[in-house]
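S.K.: below is the sequence, then the predicted model.
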Amino acid sequence: MPELPEVETIARGLEQRIAGDIIESVWIGDKPQPLKSPAAEIANVLEHSRIEHVRRVGKHIVFDLEREPRLAWKNATRTRDTIASSRAQWIVHLGMTGQLLIGPSDAPILKHTHAIVKLASGRELRFVDYRRFGRLAVSRLGAEKDTGFGAPGLEPLETDLDHFIPLFNQRKTPIKSALLNQKLLSGVGNIYADESLFRAKVRPRRRASSLTRAEFQKLHKGLQQVLREAIKAGGSSINDYVNAEGREGFFQLKHYVYGREGKPCRVCKTPIKRVIIAGRSSHYCPHCQK
DNA sequence: ACTATTTCCTGGATGC
DNA sequence: TGCATCCAGGAAATAG
């Protein structure tokens, strides 16, 4: 399940491989689920645009697009206004199982392929997502309405302790749930919430407001450390996750608690426990975490 | 204003 | 072997 480190890895891979390429045409499947913008609008914005950059925002992959005026003029349906506002963004959320794959145009089309973007280099960028929790959207810069991002939280790696603590210290909800709330922090999912709580020696059920300043300090540091280490390892591959090259990350080998129910704690050998908090599996060491 | 629960979706695992 | 049921979870929608 792609969280911040996995999405960062994918975005970096895409930036390396397709930045500068031009989108020639777009096909979007008829399954309506994965769209946050109308299919025609997505195609309209993407076609004849140059991909300037690919980057990560929270768990979103953002393609910064610049319309190619000469190419756009060839299309008789486009108006002068459309061409004038030439900057836009394509925003992809991978959900649970979404993949963005680059390959030759004659590669076999995988089941659950929902979008195909034809590039001027001859390659295709394909969006494949068998569980359809992923979402596609476009946003024209300067537009009032924000299609891509609801109310994005702070970037965990760019938030210092003094901004981190006030996000949580008034909340009665379990600290685990608060870490998953994308309106507070953007990019933390189930794996890195559990792993950061282990590093902070705090149990996931603790009310966010009950943490001491020292515990917040350890959580802040532990979260930043685990995210940085996971990015270095290319993310965690649990089920389907692969990067833009189709290769797996290996941070799952470094997990202390996530996916280790019943296995001995790497620190104290106590069996790792799994409980459900707000409908989410939560893993912790009952001895190390208070 | 918050918090908790339900819903969407598929396929692998599990149970009888 | 086959068929039904459960489970994984991000985040929007709904309920309290």
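M.R.: That came through fine.

S.K.: ok, now which ones touch the residue lying closest to A:I175 once chain neighbours are set aside?
M.R.: Nearest non-adjacent residue to A:I175, counting by Cβ to Cβ, 6 or more residues apart in numbering: A:A208, 4.6 Å away. Bear in mind the C-beta positions are built from the backbone N, C-alpha and C, glycine included. A:A208 makes contact with A:F168, A:N169, A:Q170, A:R171, A:K172, A:T173, A:P174, A:I175, A:A178, according to Cβ atoms under 8 Å, 6 or more residues apart in numbering.

S.K.: wait, the fifth one sits on A:R207?
M.R.: Okay, so that is A:K172. Yes. Contact criterion Cβ atoms under 8 Å: A:K172 and A:R207 qualify, at 5.5 Å.

S.K.: which one of these two is surrounded by more residues?
M.R.: A:R207 (14 against 9; other Cβ atoms under 10 Å).

S.K.: how close does A:E52 get to DNA strand C?
M.R.: Distance of A:E52 to DNA strand C, given as Cβ to the nearest atom of the strand, to the nearest Å: 24 Å.

S.K.: list the buried residues of the helix or strand hosting that residue.
M.R.: Element membership for A:E52 (DSSP states H and E) is strand A:49-57. Within strand A:49-57, the residues that qualify as buried by neighbour count (16 or more other Cβ atoms under 10 Å) are A:S49, A:R50, A:I51, A:V54, A:R55, A:R56, A:V57.

S.K.: the third one reaches A:Q16, doesn't it?
M.R.: No. Contact between A:I51 and A:Q16 fails when scored by Cβ under 8 Å: they sit 11.8 Å apart.

S.K.: quickly list what's touching both of these two.
M.R.: Shared contacts of A:I51 and A:Q16 (Cβ under 8 Å, 6+ apart): none.

S.K.: could you look up the SS state of A:H220?
M.R.: Following DSSP: H, G, I helix; E, B strand; the rest coil, we place A:H220 in the helix state.

S.K.: and the residue nearest to A:I175, what's its pLDDT?
M.R.: Per-residue pLDDT puts A:A208 at 94.

S.K.: contacts only, for the residue most central in space within chain A.
M.R.: The residue lying closest to the centre of chain A (Cα atoms, centre = their mean) is A:K59, at 2.2 Å. With contact taken as Cβ under 8 Å, 6+ apart, A:K59 is in contact with A:P2, A:E3, A:L4, A:V7, A:H93, A:L94, A:Q182, A:S186, A:G187, A:G189.
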